[in-house]
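A.B. asks: no sequence for this one, just the structure:
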C-alpha cells in the first residue's frame, strides 16, 4: 500500500514539475503562432530576422520580407515575435539622418 502511495506522489511531482509547464509553454507558442499578422517583426528558429509580408493559412506558411528578399517559411518555424514593424521603430536611415543633423548642429554652435 505504501508503495502505491509513493508512486502516486512521484507521479504527481513529475506532473507538476515536467508535464504541466511544458503544456503551458506549448499553449503559449500556439497562441503566438495563431495571432501572427502581416507587419509583425519576427525571428525564425534559424535566427533570421524579418517582417511578415503575408500569411497563407491553407498551406500554413508565412512569407517574410528580409530587407527586400522574400522567403517562405512554415508557420511553426517562427520562434518569436520581436515587435510590430508598423510601430515607431527607427530605421537605420533615420538614425543616420538624426546623427548627421546633430553633428551639423554641434558644428554650427562651436563657431
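C.D. replies: On my side now, so go ahead. As the structure is a prediction and not an experimental result, all values here were calculated from the model.
A.B. asks: phi, psi of residue 68?
C.D. replies: phi 90, psi -10 (degrees, to the nearest 10).
A.B. asks: now residue 46
C.D. replies: Note on residue 46: its backbone torsions stand at phi -90, psi 0 [degrees, to the nearest 10].
A.B. asks: can you give me the separation between the residue nearest to it when sequence neighbours are not counted and residue 8?
C.D. replies: Nearest non-adjacent residue to residue 46, counting by C-beta to C-beta, 6 or more residues apart in numbering: residue 77, 7.5 Å away. No exception for glycine: its C-beta is placed from N, CA and C like everyone else's. Residue 77 sits 40 Å away from residue 8, going by C-beta to C-beta, to the nearest Å.
A.B. asks: ok, residue 96 next?
C.D. replies: From residue 96 to residue 8 the distance is 64 Å (C-beta to C-beta).
A.B. asks: for the chain, give me the ranges with low pLDDT.
C.D. replies: Across the chain, the ranges flagged by pLDDT under 70 are 84-95, 105-111.
A.B. asks: and it, what are its domains?
C.D. replies: As recorded under automatic domain parsing, the domains making up the chain are 1-35, 37-86.
A.B. asks: can you show me the helices along this protein?
C.D. replies: 2-14, 20-34, 92-110 (DSSP state H).
A.B. asks: if we look at the sheet, which residues does residue 40 bridge to?
C.D. replies: residue 84 (DSSP bridges).
A.B. asks: kindly report the same for residue 64.
C.D. replies: residue 52, residue 71.
A.B. asks: give the buried residues for stretch 56-66.
C.D. replies: 62-65 (16 or more other C-beta atoms under 10 Å).
A.B. asks: kindly report the same for stretch 19-28.
C.D. replies: Going through stretch 19-28 with 16+ other C-beta under 10 Å, nothing comes out buried.
A.B. asks: what do you get for stretch 28-41?
C.D. replies: 40-41.
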